[in-house]
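Novice: Please find the sequence and the predicted model below.
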2 protein chains.
Amino acid sequence: MADYVPPLRDMRFVFSRLLDGAGVDDDLLDAVLGEAGRFAAEAIAPLNAAANKAGCTRHQDGSVTTPPGFQEAYRQYREAGWGTLALPEEYGGQGLPHVMATAVEEFLNSACHAFNMYPGLTHGAVAVLEARGSEELKAAYLPRLVSGEWLGTMALTEPQAGTDLGLVRTRAAPNADGSFAVTGEKIFCSGGEHDLTDNIVHLALARLPDAPAGSRGISLFLVPKILPDGTRNAVSCGAIEHKMGLSGSATCAMHFEGATGWLVGELNAGLAAMFIMMNAARLSCGVQGVAQAELAYQKAAAYALERRQGRAAGSAEEADPLIVHPDVRRLLMDARAFTEGFRALVLWTAWQIDQGNDDLVALLTPVIKAYGTDRGFETAVAMQQIFGGHGYITETGVEQIVRDARAPMLYEGANGVQALDLVGRKLLRDGGQTVERFIALVEGQCEDADETLGFLATPLLEAAHEAREAALWLLSQGKADPDALGAGSYAFLQLIGVLTTGWMWLNLAKAALPDAGSDPFCTAKLATARHYALHALPQVSALRRKVEAGAEALMALPPEAFLRD
Amino acid sequence: MADYVPPLRDMRFVFSRLLDGAGVDDDLLDAVLGEAGRFAAEAIAPLNAAANKAGCTRHQDGSVTTPPGFQEAYRQYREAGWGTLALPEEYGGQGLPHVMATAVEEFLNSACHAFNMYPGLTHGAVAVLEARGSEELKAAYLPRLVSGEWLGTMALTEPQAGTDLGLVRTRAAPNADGSFAVTGEKIFCSGGEHDLTDNIVHLALARLPDAPAGSRGISLFLVPKILPDGTRNAVSCGAIEHKMGLSGSATCAMHFEGATGWLVGELNAGLAAMFIMMNAARLSCGVQGVAQAELAYQKAAAYALERRQGRAAGSAEEADPLIVHPDVRRLLMDARAFTEGFRALVLWTAWQIDQGNDDLVALLTPVIKAYGTDRGFETAVAMQQIFGGHGYITETGVEQIVRDARAPMLYEGANGVQALDLVGRKLLRDGGQTVERFIALVEGQCEDADETLGFLATPLLEAAHEAREAALWLLSQGKADPDALGAGSYAFLQLIGVLTTGWMWLNLAKAALPDAGSDPFCTAKLATARHYALHALPQVSALRRKVEAGAEALMALPPEAFLRD
């Protein structure tokens, strides 16, 4: 069995029938997706298990060796231009739509998430520099970041400052020449050191000596590993973390010891600049959730067709393949419903960015990040379950997916923070207008749906009504009682996650309807849409009740009551 | 911070107020729980992280070295008699109630699940031998298994026979002296080889040459590592598995090469005999779920009180402890609601066994196994989330809990199999009578509850009604359509899991009511009961709808449609 089969048919279906081709002609789309899928499956996927085993090695001098094969794979990746698809032509990119890069990103994350962590943050770094960098910085760094000659990192977190970046202590002192001397300790810096490129470009948050306290006193600096004059900058890797998974990705503790850096954007406006990069990274997390779920699904489906245990009712066989058991099918259909529905959502959202329709993108970003990574992990766990005891054994490969898929729920803003972003910045700030527009959009499509799609459109319409009620509850309670808003935030995010995935299923089902019956692929789409209606949408009422449960019971106990005696 | 604090107060509350002291006087109960808790916290818990790192080592000669400290810890465990609490006095045990041994088992599993895997299966082996063994076997093996001088294993699984033990191929050929020569390959044999005891007693499933095909041709054999004459038997460890977690527990592939064994029970009745052991092991899985959730909860609660990130509304601090955030509290309250409610359920069930009330035990066994391990794992994952990125780092310790807690969902019958047991053997077989008795019991307690407990009794009564409807649906559909039964099995198990935990919360709340307000412990019980009512019970309607979704959409696709192209 292949390690990984790129889901080309499914991807093309979304592009052609949901995104109207995404402004790219069919031949180009087929060529890019086909080639990228082949590269991911043939050059990258075979590295995944070995990379998990070998991990990264930090040497005495602070240099870091990546797993076997990563250097050669990265060379091929650069040569083929997989990192430059959607980057600006002005700096050497291919200027293709983001939605195409998003599709390719899914393939690469399925093939080897740890490998893709190295180039993965560079797109965000390019976006920040393009939007906020000075002309000098752009000229010096963008062409080489775009070409992949150099890679970028985010150096944000410090031991005392994770979610709360206002607590950053790294200092930046002005030098006479306009640069800054950056001093401090950063942790959890993915790809902070490696052997894939000669230079590494850190985007680091730091604070000027006279900066205001808290988040309004943070600035963003570009700090290269190698300075423009070719000398080594005073930034080095002090350690790499031992982690639950993604061991092929070097998670570095970085020492900045008076390292030379250049301001990106305005002084004290670092957090806002960093969010350009962070929002891109958050959408990428959703892609990773789908990618890991897809990989786990493929392994489990193949196992379910091959492994014989137990019998179907009335079977005369000694044992039948697992796929005859309805409860195994339930797990596989749940996985299909998530991966195909969420893939469509992520691609649709990327296409909105390409078209400059940012209205819903900001709303959907925390949902894609948190709901996508939660469900990606849960899907991996469910697929592991199909293997029984064999799923717990390293050799089978599925336990690695579970460990790897756990990371994106925690990084780029832990998922609880995404829920606060959703109810605070995205719901409350505009008085619920964007959320209402979104719900009305879903309702409109439900009402317009062909009556043969009533099996989905009817419960989805009901779910949209419940989402509105939940939103109105948060709006009415949240202003006066921030704890009520926080208490309901996660259930609200989950509710919107179920709703948006269901909305995508309505679109997928509509697109498949003309060929259902004649084309097995479209028949399967309808069956999976039906499964979603029956197995996912019933959660909505429960989630609404949780949103409306309020904060009183949560906040009742004094903190010390949480400790055991 | 201590690695682990035994939840003595909570345990004693269950014993004294729910189990009426469990027939043991208070001083003895306090002494045993107090000492066992101290032993678990001081002698065992410090081994857990190092055991995870060191794992087990198999040497060229097939011998296996356990992690550092395990030998000494086991010596102390034996000396203190922690393994003999509920074993029969006739063979040297202490003859105390099972419910006390269950409490101690929770402490030990929290302290180091991998360590407890070694003695963990011996209780089941003792039960099988006591019930089915010949007098000669009992005399030769029971005293030493009871004393812990020797340990027992279950050697059931083979590469082609996991869930479906009817596929077992290991052969047993009769010897002239009445013993049998056992030949075959067993896998996933926990503690199949180790260095804690001189002898290891395998209970192995095998098939006589002329045995009927399938599950009616399986017999159970006792196969010791060392024969009664002191020579080495032809059974050896061929490999130990590399696993996702529990690396301190040696999961062995065992070669039986004409090993001498003795029949336990009747010929061809091995599966039924093995189920004596298996049912005990399944209840132990539920204990492990609670134990891992408790450990993860303790770590997360301590972190939430200490780690400062973000601010409470209106706070003047630079940053407040995480515990001020409602969404962090939601995760902690969910964890309390599961651990405390399920602990009560597991202890209550063990006490029913002690009293010989087997009526509900058989019904609750698959629920305790599957729902307890699912929720134990989910709780560990949720507690890891509270740590943010730090939760992904090995050093923090919480990621190990997640990896370890994943195992019990897969072993002793994967959780999907438990759901089939519930709907098949426990619901359908007696036409729903036992389930109806249980639901009526819950309903009666809801109706009798003090009106101040209406916040829980009212939605719980509604949940019981929904459980009845779901059961009736399965009964009416399941006879004619086994696929409908299988399709709804998992949601039904989850529904019964939510219901039984809620029923325990009603009992806990009732017991705490007199002292709520005056005793902070009892106040917290009421607050947690309220949380359960608001956050767990709303799922019931959704689960009922999933039960009643039927098999049609699940079974619609042909098997090959599950493969990607």
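Specialist: That came in fine, so what should we check first? Numbers count the residues shown, from 1 in each chain, chains lettered A, B, ... in the order given.
Novice: contacts and neighbour counts: CA atoms only from here.
Specialist: Noted.
Novice: the longest strand in chain A is where?
Specialist: Taking DSSP state E as the criterion, chain A has its longest strand at strand A:251-264.
Novice: Toward the C-terminus, what is the element adjacent to that one?
Specialist: Sequence-wise, the next helix or strand downstream of strand A:251-264 (DSSP states H and E) is helix A:270-306.
Novice: Is any residue of the helix or strand following that following helix near chain B?
Specialist: Remark: after helix A:270-306, the chain's next helix or strand is helix A:326-354, criterion DSSP H and E. Yes - Helix A:326-354 comes into contact with chain B (CA under 8 Å from any CA of the partner chain), by way of A:326-327, A:329-330, A:333.
Novice: For residue A:309, give me phi and psi.
Specialist: Main-chain dihedrals, residue A:309, degrees, to the nearest 10: phi -150, psi 130.
Novice: same for the host helix or strand of residue A:458, what does it pack against?
Specialist: Assigning secondary structure by DSSP H and E places residue A:458 in helix A:454-478. Judged by 3 or more CA pairs under 8 Å, 6 or more residues apart in numbering or on different chains; DSSP states H and E, helix A:454-478 is in contact with helix A:433-448, helix A:482-512, helix A:520-535, helix A:539-547.
Novice: again, 6 Å this time
Specialist: Counting contacts by 3 or more CA pairs under 6 Å, 6 or more residues apart in numbering or on different chains; DSSP states H and E, helix A:454-478 packs against helix A:433-448, helix A:482-512.
Novice: Out of those, which gets nearest to residue A:46?
Specialist: Residue A:46 lies closest, by CA to CA, to one member of the helices and strands packed on helix A:454-478: helix A:482-512, at 31.3 Å.
Novice: Please work out the average pLDDT along that closest one.
Specialist: Average pLDDT, helix A:482-512: 98.
Novice: Check which helices and strands it is in contact with.
Specialist: By 3+ CA pairs under 6 Å, 6+ apart, helix A:482-512 packs against helix A:326-354, helix A:415-421, helix A:454-478, helix A:520-535, helix A:539-547, helix B:326-355.
Novice: Mean neighbour count and distance to residue B:478 added to those helices, as TSV?
Specialist: Shown next, in TSV, are those (neighbours: other CA atoms under 10 Å in any protein chain shown; distance: least, CA to CA, whole Å):
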stretch	mean neighbour count	distance to residue B:478
helix A:326-354	24	13
helix A:415-421	23	40
helix A:454-478	21	24
helix A:520-535	23	18
helix A:539-547	24	24
helix B:326-355	23	28
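Novice: For residue B:66, which of those helices is the nearest?
Specialist: Among these, helix B:326-355 sits nearest to residue B:66 (CA to CA), with 29.7 Å.
Novice: does any part of that closest one sit near chain A?
Specialist: Yes - shown here: helix B:326-355 in contact with chain A (CA under 6 Å from any CA of the partner chain) through B:326-327, B:329.
Novice: Now do that helix against helix B:520-535, angle only.
Specialist: Calculated by axes from the mean of the first three to the mean of the last three CA atoms, to 10 degrees, helix B:326-355 forms an angle of 100 degrees with helix B:520-535.
Novice: for whichever helix or strand comes after helix B:326-355, what is the average pLDDT?
Specialist: Sequence order places helix B:358-386 as the next helix or strand after helix B:326-355, per DSSP H and E. Regarding helix B:358-386, the rounded mean pLDDT is 97.
Novice: mind listing what's buried in helix B:358-386?
Specialist: Neighbour-count burial for helix B:358-386, counted by 16 or more other CA atoms under 10 Å in any protein chain shown, picks out B:360-386.
Novice: Next, see if it gets close to chain A.
Specialist: No - for helix B:358-386, no contact with chain A is found by CA under 6 Å from any CA; the gap never falls below 6.7 Å.
Novice: What helices and strands are in contact with the following helix or strand past that helix?
Specialist: Sequence-wise, the next helix or strand downstream of helix B:358-386 (DSSP H and E) is helix B:398-406. Packing partners of helix B:398-406 (3+ CA pairs under 6 Å, 6+ apart): helix B:358-386.
Novice: tilt between the helix it packs on and helix B:326-355?
Specialist: Angle, helix B:358-386 to helix B:326-355, by the same axes, to 10 degrees: 160 degrees.
Novice: Which strands and helices lie in contact with helix B:358-386?
Specialist: Helix B:358-386 packs on helix B:270-306, helix B:398-406, going by 3+ CA pairs under 6 Å, 6+ apart.
Novice: Return the distance of the longest one from the chain's centre.
Specialist: Spelled out, it's helix B:270-306. Chain-centre distance of helix B:270-306: 4 Å, with CA atoms, centre = their mean, to the nearest Å.
Novice: list the buried ones in that helix?
Specialist: Using 16+ other CA under 10 Å as the test for burial, helix B:270-306 gives B:270-274, B:276-305.
Novice: same question for that helix, mean pLDDT?
Specialist: pLDDT averaged over helix B:270-306 gives 95.
Novice: again, but for the last one
Specialist: When pLDDT is averaged over helix B:398-406, the result is 98.
Novice: Would you mark the buried spots in it?
Specialist: Applying 16+ other CA under 10 Å to helix B:398-406 flags B:398-406 as buried.
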